[in-house]
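Student: From the sequence below, what's the structure:
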Amino acid sequence: MLMNALRRLIQRYEDYHAYGPSRLKTMGFLGAVTYVAFFFLRFTRPNAQVWDDLPFRALAIVLFLLMGLRDSWPERLRPYYVRYTYGALLYCLPGFTMLLALERGGGVPSISNAFIILCFLVLLTDWRNTVVMLVAGTAAAAFYYAATAPAPRVPMDLVAQLPAFALVVIGGNLFKSNTDKIDAERKLRATQALAGSIAHEMRHPLAQLKHSLEGMQDVLPPPGGATNSARLDGPQVQALYRHLARGEQAVQRGLQVISMTLDEVSARPVDASTFRYLSAAEAVRKAVEEYSYDGDEARDRVGVEVREDFVFKGDETAFLFVLFNLIKNALYYVAAYPATRVTISVGEQQVRVRDTGPGIPRDALPGLFEPFRSTGKSGGTGLGLAYCQRVMRAFGGDIACDSEPGLFTEFTMRFPAVGPDELERHHQEAVGQARTVLAGKRVLVVEDDPVQRAATRQKLAPLAATTQLDEAADGPGALALLGQGKFDIVLLDLRMPGLDGYAVAEAIRASTGPNRDVRIVAYTSEPAHLARAKALKGGMDHFVGKPCAQLPLLAALQQAVSQPAAGAGASAGRLAGRRILVADDSAFNRKAIAAYLRNAAAIVIEVEHGAAVLDQLRAQEGIHAVILDLHMPGMDGLETARAIRGARDPWSRVPILAMTARSDEPAVAAATAAGMNGFLVKPVDAALLYDTLGRLIAGGGAFSAAETARSQEPEAGAGHDGLLNLQRLASYRRLGMLGELLDDYLPEMQRLVRELQEAVEEGDVQGSIDALHSLLGMSGEAGAQALYQQVRRLYVPLLEEGQWPTGREWVPQLQALARRTEDAVRAYCAQQARSGAAP
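Tutor: Model (predicted):
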């Protein structure tokens, strides 16, 4: 009974300090400084008792300091911080103060000290704990005083102040109660606003997902009778993949909204360990291509101008979030302002996002980046711009806004410069790492285009001394080579005549030879969100888009050999026969996780609460890992983990993997403190689940998302009025490939443009898709930046919808751009020849 009452008191104390600024931490520093200062003030008074309370005072100072140094506590002890402060305050305030008053027989200083500690107790505790601490601290002090003093006596002047002390306690708590109600109401309103805002932000991706599911339903044939074996034709399958890709993209955007909101609410710092060197132009283009627009009309309103590309160091995902926020804000008023256009410009170490919408009032600009501030919009979390500012400052830069109501709004992101020596050092280190990781590996490059094949060979040239490189010009040739010997990696073009990349991958995975589990890297110009789903479904392990610079290509190959293969055989090799215990109160979640694990040939035991986990561990031997949902009724995941670690049985050391929808720092810290070895965030990615479990069972560390290698690298330097990518052309010059550029690339681009024109004239949609696909890869590889962007703008809608662009003027426009590009390339090569770098 007494223990239950004590638990309720401590719970109320913990709830009291669950929100708001850390008053306990401030009290710790204040108390330590005050107790030290009051000790030295004694030396200024005659006949003062200086040393009589030194041991008790020193202990109080130490306890206060530990309260103040909360941020320096070990992770495993932080969950117990608030409970520690309960005992510390009990000793330092009523306990120590009343003992000192009793030993000195009361007096004015003792009465003053008593009033001071009463005020602090009222501020730091709820009224029940104020009373309990006063009674318990005073009783403990009186008991010690009576037991140790030779002639104990009661200081009557302190007793005479009891009514005043009671007035302080009662009046202070009554006043504070009213203040707490106001604060609680404010918290409730803020919580309701945040919940409503998140719901508002989630409506868009959920609507997209609903549209994708409806599209799938339209494509699927009716089920018919029991004997009906309806089959889908090729276009229907492709349509299903398009809807699936859009649905996955919508889910990803929804998860990004949640992640960004939680990061901003918890003020989680941006992880600098994930920073890498990025091309501003490439990152901007990626954001513009991957943003979830309401339709083609909205996409056409957004344009990119690369005046001068530059490189910055940062996290690509965080930067994409920033651009997604700014694009979303810029397009918000399109319905009311149909003439709105959005221009994203890159140059002079800056990225500017300018829209011609309604603008922002001048008086709203100073507080624009404050959390929970939203100007002129209904809905929205009010966290987007605060997040943008925090990310940019983490990059070492900043973001500012300028606006003229009725004319424009422009956000300017400024980045610190990266010197050429630093970039060169990074390049050498990255190539050196690739040589080390890929040493002794055998790589097969499968590419039907001889020019693309030659370019890929040049990019992989630094590996030639330690890595065996083979080439195949088509699918049958690739399968023939794979039948002759063991390979480690296949770099596979997806769109080839005859046997395409998907068919080659399917044949590899269906074989029984030594290359069944070879790492396959898809290499294609198809839009990432469309090709990735099909590539992974086809048994491929990684995806890299064309055009691709040298370093991201090397990084993709390294990632392919560093992570488990996508084929079921490789997964089964890591988890096959392993006994995995899954605990989650949601049958749906258990079913999903169990399906993943059984697909990897693991033996799965499902339970729905923590007590059943302990029962299974006691009843069965040989359980290799436990997956625990943190939030289960009864014994939750944290309690279960603590019970497992506290047991004296052999299974107390079983690897434990936490699974939860929360990824904030307190959740991770609590899981770590409870003895868990890894942490996964719902919805769980199958590949990440396999790899994390594999590492834990093998005795390694858990997988961190920050460890995932990136697949992009900067390509910079727009020139000739934005027509060319000068950095890519400079790389060709260093590799001695300018001659091939003139002799092979330019004629091939001319041929592809003619082929496209013929297909359009004949009304051949598939022929146009094929020509644009080849032209896309060719122009990107050749550094024809403007042509590449224009082709991509035509290719993606045509591939996704199978429909021609509006009008026919786009064909002559593309032809004219191709001619200007050819002239610019020839002028660049002539300039290099005059300067001594012969083509």
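
Student: Give the residue spans of the stretch 301-450 of the chain that score low on pLDDT.
Tutor: In the predicted model of the stretch 301-450 of the chain, residues 371-383 satisfy pLDDT under 70.

Student: Strands of that one, start to end?
Tutor: Remark: strands assigned in the stretch 301-450 of the chain by DSSP state E, counting those that start in this stretch are 302-306, 311-314, 342-347, 350-355, 398-404, 408-414, 442-446.

Student: Can you lay out those strands as TSV showing mean neighbour count?
Tutor: Every residue, glycine included, has its C-beta placed from N, CA and C. Below are the strands of the stretch 301-450 of the chain laid out as TSV (neighbours: other CB atoms under 10 Å):
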stretch	mean neighbour count
strand 302-306	17
strand 311-314	22
strand 342-347	20
strand 350-355	22
strand 398-404	17
strand 408-414	20
strand 442-446	22
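
Student: Would you format those strands as TSV with distance to Leu772 included?
Tutor: Shown next, in TSV, are the strands of the stretch 301-450 of the chain (distance: least, CB to CB, whole Å):
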stretch	distance to Leu772
strand 302-306	19
strand 311-314	30
strand 342-347	24
strand 350-355	28
strand 398-404	36
strand 408-414	32
strand 442-446	21
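
Student: for these, which one sits closest to Ala430?
Tutor: Nearest of the strands of the stretch 301-450 of the chain to Ala430, taken as CB to CB: strand 311-314 at 13.3 Å.

Student: before we move on, the earlier item: Trp651 is nearest to which of the strands of the stretch 301-450 of the chain?
Tutor: strand 442-446 (42.7 Å).

Student: In the sheet, which strands lie alongside that closest one, parallel or antiparallel?
Tutor: Applying DSSP bridges, strand 442-446 is found paired with strand 468-472 (parallel), strand 489-493 (parallel).

Student: C-alpha coordinates for that strand, CSV please?
Tutor: The C-alpha trace of strand 442-446 is given here as CSV (Å, rounded to 0.1, in the frame of the first residue of the first chain):
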residue,chain,number,x,y,z
ARG,A,442,35.2,-9.5,-61.2
VAL,A,443,32.8,-7.0,-62.8
LEU,A,444,30.7,-7.5,-65.9
VAL,A,445,29.4,-4.4,-67.7
VAL,A,446,26.4,-5.1,-69.9
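
Student: From the contact counts, what lies against the next helix or strand after that strand?
Tutor: Following strand 442-446 in sequence order, the next helix or strand is helix 450-459 (DSSP states H and E). For helix 450-459, the packing partners by 3 or more CB pairs under 8 Å, 6 or more residues apart in numbering; DSSP states H and E come out as strand 442-446, strand 468-472, helix 550-562, helix 765-781.

Student: ok so, going back, Leu814: which of the strands of the stretch 301-450 of the chain is closest?
Tutor: strand 302-306 (17.0 Å).

Student: Val154 - how many residues pack around it?
Tutor: When counting by other CB atoms under 10 Å, one arrives at 12 neighbours for Val154.

Student: pretty sure it is in a strand, no?
Tutor: No - counting by DSSP: H, G, I helix; E, B strand; the rest coil, Val154 is not part of a strand but coil.

Student: can you confirm Thr466 is in a strand?
Tutor: No - going by three-state DSSP, the assignment for Thr466 is coil, not a strand.

Student: ok, back up a step: got the helices and strands packed on helix 450-459 as TSV, with distance to Val418 columns?
Tutor: Putting the helices and strands packed on helix 450-459 into TSV (distance: least, CB to CB, whole Å) gives the following:
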stretch	distance to Val418
strand 442-446	30
strand 468-472	31
helix 550-562	14
helix 765-781	23
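
Student: quick one, which of these is nearest to Val351?
Tutor: helix 550-562 (20.3 Å).

Student: residues of the closest one that come out buried?
Tutor: Gln550, Leu551, Pro552, Leu553, Leu554, Ala555, Ala556, Leu557, Gln558, Gln559, Ala560, Val561 (16 or more other CB atoms under 10 Å).

Student: Now tabulate those residues in a markdown table and tack on distance to Ile116 and pLDDT.
Tutor: As requested, the buried residues of helix 550-562 are arranged in a markdown table below (distance: CB to CB, whole Å; pLDDT from 0 to 100):
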| residue | distance to Ile116 | pLDDT |
| --- | --- | --- |
| Gln550 | 69 | 83 |
| Leu551 | 64 | 83 |
| Pro552 | 64 | 83 |
| Leu553 | 69 | 86 |
| Leu554 | 67 | 88 |
| Ala555 | 62 | 84 |
| Ala556 | 66 | 84 |
| Leu557 | 68 | 88 |
| Gln558 | 63 | 85 |
| Gln559 | 62 | 79 |
| Ala560 | 67 | 79 |
| Val561 | 67 | 78 |
